[in-house]
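Colleague: coords please:
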Amino acid sequence: MDSPWRGSLVIIAVCTFLLVTLGLLVTLPAASPAPTGPPEGASGEPDTFAKATPARTADQTPPPVAAWSTPLGDRPASQALSLRDCRDVVIENKTFRDLGPNVIAIRIENCSNVTIRAVDFINVSEGVYAVNSSKITVRDSRYRNITGPHQRVGLNRANFVQFNHVNGGLIDHNKGKEGDTEDIVSIFASQNIVVEDNHFEGTNWTSSSGSGIALGDVGGSGNIARRNVLLNPGQVGIFIAGGTNNQIVDNVIYQAQRPRSNVAIWRSTGRARTSASAVPSSRAGWSRRSPVTAGATCRSHARS
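Modeller: Now for the predicted structure:
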């Protein structure tokens, strides 16, 4: 026999279930609206100066850059960039490839506080060229085959990075291989530039005057090359051509025997005046001539 209370209990249970369900629905977060624009980085616009990322202020933490986890050349492709009269610019996450003869991938003129990071250069005549600028940084970037050619015909080419009359700069944690380079890194008439913790390997260079790292070329002061690893970089490993207070410190340089191999570390004492420039604590394995020349004050551990 049915109890008169059974129907009331069923009604109470149903009402309780509905109230709990409504309460849960009220407390659930609303779904995010669907994006209305294109995905980030998919605008379809060509790479131009306008696409460069503004630099972050000092109180902002930049996002981490997985510089080496991305395979070489897998970053978004870019045409050559030319920056002039600019400041506070970041260029990152790009690949410059096969740009053509004598084309500079990134040219910077009369700019301040420009950072280039996590960028790949493949089969380009010149990677980065900065002139009449200040506070230029190139870091966490890679190259394969700087095509040059190295012959000096009044063009800026055959360098991974060249600074020309730049005051203040950093070239660090970059790596690269191959190319008909003149100087892989050229610091020309510039000051207060640090070149550190880079790994460079030369393979098919043919210049009789090129190097891995050139400091104090046509003067300059306060420049330093330290903790770099250079393998077969050019006819000279690292040199100081002139200027004042330039240093070569704690580098590792190795050169297999080649017809044009010269010396590992060189400091000019000729027409280009040098003053208070030092070459301490570098290690060199060089297979042609004396690994260190010009009587530099040093504690190099070298073997010929």
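Colleague: now the helices: where do they sit in the chain?
Modeller: In the chain, the segments counted as helices under DSSP state H are 6-27.
Colleague: so where's it uncertain?
Modeller: Where the chain drops to pLDDT under 70, the residues are 1-67, 150-151, 153, 260-262, 268-304.
Colleague: count of neighbours near Phe239?
Modeller: Phe239: 28 surrounding residues under other CB atoms under 10 Å. The C-beta positions use only the backbone N, C-alpha and C, and glycine is treated the same way.
Colleague: quick check: beta-bridge partners of it?
Modeller: On the basis of DSSP bridges, Phe239 is bridged to Ala214, Trp266.
Colleague: is it true that it touches Ile253?
Modeller: No. Using CB atoms under 8 Å, Phe239 is not in contact with Ile253, being 11.1 Å away.
Colleague: give me the common contacts of these two.
Modeller: Shared contacts of Phe239 and Ile253, defined by CB atoms under 8 Å, 6 or more residues apart in numbering, comprise Ile265.
Colleague: tabulate the CA atom coordinates of stretch 108-117 in PDB.
Modeller: Taking C-alpha atoms only, stretch 108-117 is exported to PDB below (Å, rounded to 0.1, in the frame of the first residue of the first chain):
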ATOM      1  CA  ILE A 108      71.000  49.700 -38.100                       C
ATOM      2  CA  GLU A 109      71.900  53.300 -38.500                       C
ATOM      3  CA  ASN A 110      71.700  56.200 -35.900                       C
ATOM      4  CA  CYS A 111      69.700  54.100 -33.500                       C
ATOM      5  CA  SER A 112      69.900  53.500 -29.700                       C
ATOM      6  CA  ASN A 113      68.900  50.500 -27.500                       C
ATOM      7  CA  VAL A 114      68.300  47.900 -30.200                       C
ATOM      8  CA  THR A 115      68.200  44.200 -29.200                       C
ATOM      9  CA  ILE A 116      68.400  41.300 -31.700                       C
ATOM     10  CA  ARG A 117      67.700  38.000 -30.100                       C
END
